[in-house]
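Novice: what follows is a predicted protein model with its sequence.
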Amino acid sequence: MEKSKNSRREFLKKVCPTVAFAFFGISFFEACSTDENSNETIQDNCQEISNSNLGYVIEDCVFKIDLNHQNFSSLVEIGGWMNGYNIGLDMLFLRISSESIQAYSNVCPHNYVQNQWGLTDDNKFRCNAHGNQYSTNCSSTSSLSCYTSSINGNILEVISN
Ligand code: FES
């Protein structure tokens, strides 16, 4: 597996708690977390979320994002991007082409800031906390962690590898 891909465990550790907390509060925060000393996987614990008020649901820990929802309107045009931070998604998204939207971790590798992102004119993510820049090319060694994504109709699916 290439370096830039997160393991499923790492992905869910980052994404599930935020999403669950946004919807249900602290009790679901714990449901999506995992005990490091147990053999239980995050997949076993990850709760399905069928509330689509924010434009996405979680089924079997696969994030299904409604690209017609207003929260994701910035992804319509090629080159459009967004940070899911404010709607409980620890992901950045970038419309690569008409058929592809890449998802990345929005946790800055420098100091873990998640909400200071911008996209530069030369198509790099810039964390404005301290100015570090990261490639949007997932095969680059300088990219943020990338997640597997695909578009089916108007649904963007994001999973880990
Ligand atoms: S936390 Fe992102 S550049 Fe420092």
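Specialist: The structure has been received and is ready for your questions. Only a predicted model underlies this, so the values are computations on that prediction, with no experimental measurement involved. Numbering: from 1, shown residues only.
Novice: which residues of the chain fall in strands?
Specialist: For the chain, the strands defined by DSSP state E occupy 56-59, 62-66, 81-83, 91-97, 100-105, 117-119, 124-127, 133-135, 146-152, 155-159.
Novice: what packs against the first one?
Specialist: With contacts defined as 3 or more C-beta pairs under 8 Å, 6 or more residues apart in numbering; DSSP states H and E, the secondary structure elements packing on strand 56-59 are strand 62-66. (Glycine included, C-beta is placed from N, CA and C.)
Novice: next, the angle from the strand it packs on to strand 100-105.
Specialist: Angle of strand 62-66 versus strand 100-105, following axes from the mean of the first three to the mean of the last three C-alpha atoms, to 10 degrees, is 130 degrees.
Novice: CA atoms only for strand 62-66, dumped as CSV, please.
Specialist: Output of strand 62-66 as CSV, limited to C-alpha atoms (Å, rounded to 0.1, in the frame of the first residue of the first chain):
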residue,chain,number,x,y,z
VAL,A,62,-18.0,4.4,4.5
PHE,A,63,-18.7,8.1,4.2
LYS,A,64,-21.4,8.8,1.6
ILE,A,65,-21.5,12.4,0.7
ASP,A,66,-24.4,14.0,-1.3
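Novice: what are the contacting residues of it?
Specialist: 15, 52, 55-58, 72, 89, 91, 154-159 (C-beta atoms under 8 Å, 6 or more residues apart in numbering).
Novice: what's the answer for stretch 120-127, then?
Specialist: Contacts for stretch 120-127 (C-beta under 8 Å, 6+ apart): 79, 92, 104, 108, 110, 113, 116-119, 132-136, 144.
Novice: widest-spaced pair of the residues you listed?
Specialist: Maximum pairwise distance among the contacts of stretch 120-127 (C-beta to C-beta): 24.8 Å, between Gly79 and His110.
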